[in-house]
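Asker: I need the structure of the sequence given here:
(one chain, ligands or ions: 1)
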Amino acid sequence: MTNSMFPLGAPGFATHPIERAAHLRDDVDKLIALEERTDARAYVVHRDSLLIRRNGGRPTAALTLQEARGFGANPGTVFLGLRDGTPLFGMGIAATAAEALIGRPDVELGNLRAAITEGLLPVEELSAIATAKSLVSWHQRHGYCPNCGQRSAMVSGGWRRDCAACKTQHFPRTDPVVIMLVSDGERCLLGRQAQFPAGMWSCLAGFVEVAETIEEAVRREVAEEAGVTCTDVAYYKAQPWPYPSSLMIGCTARATSTAITVDRNELEDARWFDRTEAALMLERAHPDGLLGPHPVAIAHHLVAHWLNQGRLR
Ligand SMILES: [Zn+2]
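Answerer: So this is what the prediction gives:
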């Protein structure tokens, strides 16, 4: 079920938080001194990919700042925080510099999801990598003030953008998403999106809308996507999901109806799975080749948690 990298209740990006050291963000002299330290490391982000050095030893995404700049990473470094005292930074890279790296034997731009599922990146680094990915992407998409349209500038170690023209401050956003394990007691409700790999099923999920509570969002999404009503919504655990900047809020809920009406705009299909079938899917041993979500994702842990609860009864 869960694997050694992501034991039960510990999905990717949700463990090993860095020390954010927010008190250092506005101290420009200290930030420069941290950047100049030889033990400082940077994660270089390009869209959904991460720069991974491959020359000798195991592949690593934690580059020295000198290396990162040598590969063409942009100035405009964001300060992520400290990991065991080591200063960590995030950097972007221009499309032309990224293209110039194609075919080099010593470095590659590796798709982040693939690098994680292939086990290339240590689980201890995933929280810092998520922070780099979300912050760097936010700056790339928010160069202009949404209030007045003028160019804004990165400040506070990359944790804010200020507009000199209209004096507003802008903060990186996190988008809340509910993801839920709905059960009728003996079965759980899973759905399939058209873009999922063949045979894969996962928990239903959706963005929390403005002025909506988590409980309301869970009940609304389940009703909209599968036509099922539910109650007893309870929080399980959350997971940062840096594509580009979501917080997956894992919940459980009890179904009060069982007939399914699938919203085909949202899902390819939805159906109930009993415990035996769900367990085989997580173990990748289902006779029809059906699969559950990967252990990096909180959906996997929601299903595993539900199976464990069933065993305890
Ligand atoms: Zn402005």
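Asker: tally of neighbours for residue 235?
Answerer: Residue 235 has 13 neighbours, counted by other C-beta atoms under 10 Å. Every C-beta, even on glycine, is put in place using the N, C-alpha and C of the backbone.
Asker: show me where the protein has helices.
Answerer: Taking DSSP state H, the helices of the chain run over residues 28-36, 65-70, 95-100, 112-117, 126-141, 214-226, 275-282, 298-312.
Asker: name the helices or strands packed onto the fifth one?
Answerer: This means helix 126-141. strand 41-46, strand 78-83, strand 86-92, helix 112-117, strand 230-241 (3 or more C-beta pairs under 8 Å, 6 or more residues apart in numbering; DSSP states H and E).
Asker: still on that earlier bit, any idea which of the helices of the chain gets closest to residue 166?
Answerer: Residue 166 lies closest, by C-beta to C-beta, to one member of those: helix 126-141, at 18.8 Å.
Asker: low-scoring stretches of the stretch 1-150 of the chain, by residue?
Answerer: Across the stretch 1-150 of the chain, the ranges flagged by pLDDT under 70 are 1-2, 75-76.
Asker: nearest to residue 25, out of the helices and strands packed on helix 126-141?
Answerer: strand 78-83 (6.1 Å).
Asker: run the chain-centre distance for the closest one.
Answerer: Relative to its parent chain, strand 78-83 has a centroid offset of 18 Å by C-alpha atoms, centre = their mean, to the nearest Å.
Asker: what helices and strands are in contact with it?
Answerer: Helices and strands touching strand 78-83, as assessed by 3+ C-beta pairs under 8 Å, 6+ apart, comprise strand 86-92, helix 126-141.
Asker: make CSV from these and add mean neighbour count and distance to residue 288 to it.
Answerer: Putting the helices and strands packed on strand 78-83 into CSV (neighbours: other C-beta atoms under 10 Å; distance: least, C-beta to C-beta, whole Å) gives the following:
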stretch, mean neighbour count, distance to residue 288
strand 86-92, 23, 42
helix 126-141, 22, 32
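Asker: redo the ones you listed as JSON lines? Include distance to the ion.
Answerer: Formatted as JSON lines, those follow (distance: least, C-beta to the ion, whole Å):
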{"stretch": "strand 86-92", "distance to the ion": "22"}
{"stretch": "helix 126-141", "distance to the ion": "16"}
